[in-house]
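Enquirer: okay, here's the prediction I keep looking at, along with the sequence it came from:
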Amino acid sequence: MDPSPHETPALRERMSAALTRAMKARDQVAVSALRSTLGTLANAEAIGVGTSVAGVGSKDVAGSSSGVGSSEAVRRTLAGRETADLVLAEAVERENAAVGYEVAGQSSRAERLRAEATVIRSFLP
């Protein structure tokens, strides 16, 4: 069963609040993991160039997003499952990279990536 769309902001809000706490605590592992993951979510919400959204960017629509003075890009809303999948992918990516670093003899880098993955996974059910 997919989470409701209302769960998406909750995950992001929890991560954002945790980022603020990590920054205050000077927890560089958590800061790095959370910033990167929140950035991934923001990038996933961006609508690509040339993507058509009804009425947006049209010269005939008052307040269109194109032209001089436009400052806000159109964004899409991620479904709850999409958000959780992206967060999980961030953790898995770090875990896989950690294996490579371990094989290359860079155990301290591998440990850091595993610690970041643990931080990220802590937000998933």
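Expert: Nice, thanks for sending it over.

Enquirer: does Thr77 belong to a helix, a strand or coil?
Expert: coil (DSSP: H, G, I helix; E, B strand; the rest coil).

Enquirer: that one: neighbour count?
Expert: 10 (other Cβ atoms under 10 Å). Any C-beta I mention is one placed from the backbone N, CA and C, and that applies to glycine too.

Enquirer: so which elements touch the longest helix along the chain?
Expert: Assignment by DSSP state H gives helix 80-103 as the longest helix of the chain. Contacting helix 80-103 under the criterion 3 or more Cβ pairs under 8 Å, 6 or more residues apart in numbering; DSSP states H and E are the following elements: helix 7-25, helix 28-45, helix 107-121.

Enquirer: quick one, which of those helices is nearest to Tyr101?
Expert: helix 107-121 (4.0 Å; Cβ to Cβ).

Enquirer: may I see the buried residues of the closest one?
Expert: Buried residues in helix 107-121, counted by 16 or more other Cβ atoms under 10 Å: 110, 112-117, 119-121.

Enquirer: from these, which is closest to Met15?
Expert: Taking the buried residues of helix 107-121 together and measuring to Met15 by Cβ to Cβ, the closest member is Ile120, at 8.6 Å.

Enquirer: how about the closest one, nearest residue that isn't a chain neighbour?
Expert: Excluding the flanking residues, the one nearest Ile120 by Cβ to Cβ, 6 or more residues apart in numbering is Ala91, at 4.2 Å.

Enquirer: in a markdown table: the helices and strands packed on helix 80-103, plus mean pLDDT and distance to Gly80.
Expert: Listed next are these as a markdown table, based on pLDDT from 0 to 100; distance: least, Cβ to Cβ, whole Å:
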| stretch | mean pLDDT | distance to Gly80 |
| --- | --- | --- |
| helix 7-25 | 88 | 4 |
| helix 28-45 | 95 | 12 |
| helix 107-121 | 98 | 17 |
